[in-house]
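S.K.: below is the structure, and that's it, no one-letter string:
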């Protein structure tokens, strides 16, 4: 299923497949990410978070739905991989600042 996502969010899901600098470029310098009970502040912590997740599990993420409420875009994505409970649908709560992600919270 193909859904229409704002460009910064579409870039996030594309960069999620390759990681590294392409992934970090999706975020504002002072961005905040919340995932699995942890909060990551700024690009260096976000890069470390992505590196840890990428080495721990192999997965694919396919956005299946999107809605916008107030200034938040909520994307539901199906994750499939070698992690316990696969596949799982996760909800991504994005707040954008221009063409960058200012904050992201991932909730099962």
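M.R.: Good, I have the coordinates. Nothing here was measured: the structure is a model prediction, and the numbers come from that model.
S.K.: end to end on stretch 51-63, go ahead and measure it.
M.R.: 21 Å (C-alpha to C-alpha, to the nearest Å).
S.K.: just stretch 23-31 next, same as before
M.R.: Termini of stretch 23-31 sit 13 Å apart (C-alpha to C-alpha).
S.K.: list the buried residues of that stretch.
M.R.: Across stretch 23-31, burial judged by 16 or more other C-beta atoms under 10 Å covers 23-24, 26-28, 31. Backbone N, C-alpha and C define where each C-beta goes, glycine included.
S.K.: which two among those are spaced furthest apart?
M.R.: Using C-beta to C-beta, the two most remote members of the buried residues of stretch 23-31 are 23 and 28, lying 13.5 Å apart.
S.K.: so where is the chain shaky, pLDDT-wise?
M.R.: Applying pLDDT under 70 to the chain flags residues 1-2.
S.K.: please enumerate the helices of it.
M.R.: Counting by DSSP state H, the chain has helices at residues 7-15, 20-24, 42-56.
S.K.: can you show me the strands along this protein?
M.R.: 27-35, 38-41, 59-69, 72-81, 88-97, 100-107 (DSSP state E).
S.K.: got the angle for the longest one vs strand 88-97?
M.R.: This points to strand 59-69. Counting by axes from the mean of the first three to the mean of the last three C-alpha atoms, to 10 degrees, strand 59-69 lies at 50 degrees to strand 88-97.
S.K.: helices and strands around strand 59-69, which ones?
M.R.: Using 3 or more C-beta pairs under 8 Å, 6 or more residues apart in numbering; DSSP states H and E, the elements in contact with strand 59-69 are helix 7-15, strand 72-81.
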